[in-house]
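> coordinates for the following, if possible.
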Amino acid sequence: QAQLVESGGGLVQAGGSLRLSCAAPGQAFSTYVLGWFRQAPGKEREFVAAISRSGDTTYYAESVKGRSTISRDIAKNTVYLQMNNLRPVDTAVYYCAAVEFWGVGIMMPALYKYWGQGTQVTVSS
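Numbering: from 1, shown residues only. Just a heads-up that it's a prediction; the model follows:
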């Protein structure tokens, strides 16, 4: 069973930064598109960012564009989400996920095949 493991969440003040990591120990995810999603209490899971297999192409939700950077280290089988200028509305559980193809569906959680367990990000005002 493929597994993704997130880390790097925590409590930060508004305006602060966090870098989330997602590792795939023992798995080869270089052929997968990797994405980050988040889910706040009482809300649906929403797309945050995605990165192509090679890392050359990225896509962001409007809510985080300009404040976040997704990147991947293929050799380490790890994807990162650098988040800056965090706001209280960014508070959520953040999940990484893997999907086989890049396309119009990269924003749709239902199309992703593998998921991590999530890491909590809390931004205080």
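> tell me the centre residue of the protein?
Geometric centre of the chain, nearest residue: W36, 2.1 Å, by CA atoms, centre = their mean.
> where does the prediction get shaky in this protein?
Counting by pLDDT under 70, the chain contains low-confidence residues at 1-2.
> can you list the residue ranges for strands in this protein?
5-7, 10-13, 18-23, 33-39, 46-51, 58-60, 68-73, 78-83, 92-99, 114-115, 119-124 (DSSP state E).
> separation between S17 and A92?
Using CB to CB, to the nearest Å, one gets 16 Å for the distance from S17 to A92. The C-beta positions use only the backbone N, C-alpha and C, and glycine is treated the same way.
> same check, this time on E62
Between E62 and A92 the distance is 16 Å, computed by CB to CB.
> equivalent analysis for A49, please.
Going from A49 to A92 by CB to CB gives 13 Å.
> quick one: contacts of stretch 44-55?
30-39, 57-61, 63-64, 68, 70-72, 74, 79, 81, 94-95, 102, 106-109 (CB atoms under 8 Å, 6 or more residues apart in numbering).
> still on that earlier bit, who has more neighbours, E62 and A92?
Counted by other CB atoms under 10 Å, E62 and A92 do not tie: A92 has more neighbours, with 22 against 6.
> many thanks, we can stop here.
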